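Quick one, what's the 3D model for this:
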Amino acid sequence: MNIQGSYAVPSRCGDTAFAWTIQEPKSPYRASRISSGHSSGARTLGPHRPAAVSAPVGLHLKPGQKGTKRLVEQYGERLVCVRYRYDSERKKRFKTVELVVAESDWQPPYRPDEIVALRIDFTEISTRRRVKQAGGTWNPGRTVWQLRYDRVVALGLRRRIVTAQHPVLDATPSWERHPDPDAASTSR
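Numbers count the residues shown, from 1 in each chain. Below is the predicted model:
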């Protein structure tokens, strides 16, 4: 394989997986020699991820530690960590870096002490038992379980949080609604 001029790019491999492919410069005499069957000059390194990612992490370094000096000079504040991965089958060591590529404001969806509603099916007895043991309570009016958000996260039930309110049970009573909010505060 000609390394000069080659570069790795991610390519789709189904709905959710991707594979890294090596893109090589196209030339008429190389197209017939590619053994992977790709006529575009690309070779797939693995079924879903690059070999370095599939190797287990042997060493995890923070910026500034021994072995990260050049990378700190190169990437500066964007460098999060350096990992050394070891592939015993191929007898290879890979040095990988984690970088910050974008920064934006973000607000967590819930405070840790906020009570959230959970939808748990009647037949999920073990899940209901775990929620009860964590301090969850049943709300028969909304037909949901209620529990603190930090405990929901600890139990791994974030996907069960019900955000949409019940159209009838959670509606504001008609005597509390007013078309003009300024007039509502002065009319009482």
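
Only C-alpha atoms from now on, for both contacts and neighbour counts.
Fine.

which other helices and strands contact the helix or strand harbouring G58?
Secondary structure assignment for G58, by DSSP states H and E: strand 57-61. In terms of contacts (3 or more Cα pairs under 8 Å, 6 or more residues apart in numbering; DSSP states H and E), strand 57-61 is packed against strand 79-87.

What's the local residue count around G76?
Using other Cα atoms under 10 Å, the number of residues around G76 comes to 13.

what about it, is that helix, strand or coil?
The three-state label given to G76 by DSSP: H, G, I helix; E, B strand; the rest coil is helix.

Compute the distance between R93 and S54, please.
Noted for R93: a distance of 12 Å to S54, by Cα to Cα, to the nearest Å.

correction: D121
Distance of D121 to S54, computed by Cα to Cα: 37 Å.

who has more neighbours, those two?
A direct count of neighbours by other Cα under 10 Å for D121 and S54 places S54 higher, at 13 against 10.

circling back to that earlier point, and the strand holding G58, what's buried?
V57 (16 or more other Cα atoms under 10 Å).

And for stretch 135-148?
Counting neighbours by 16+ other Cα under 10 Å, stretch 135-148 gives G136, W138, V144, W145, Q146, L147, R148 as buried.

Kindly report the same for stretch 149-157.
The neighbour-count check on stretch 149-157 (16+ other Cα under 10 Å) flags Y149, D150, R151, V152, L157 as buried.

With secondary structure and pLDDT as added columns, please give these in TSV.
Output for the buried residues of stretch 149-157, formatted as TSV (DSSP: H, G, I helix; E, B strand; the rest coil; pLDDT from 0 to 100):
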residue	secondary structure	pLDDT
Y149	helix	92
D150	helix	92
R151	helix	94
V152	helix	93
L157	coil	92
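
Most widely separated two among the residues you listed?
D150 and L157 (10.3 Å; Cα to Cα).

any idea which helix or strand of this structure has the worst average confidence?
Scoring the helices and strands of the chain by mean pLDDT, DSSP states H and E places strand 42-44 at the bottom, with a mean of 50.

Where do the domain boundaries of the chain fall?
Following automatic domain parsing, one gets these domains for the chain: 52-99, 107-177.
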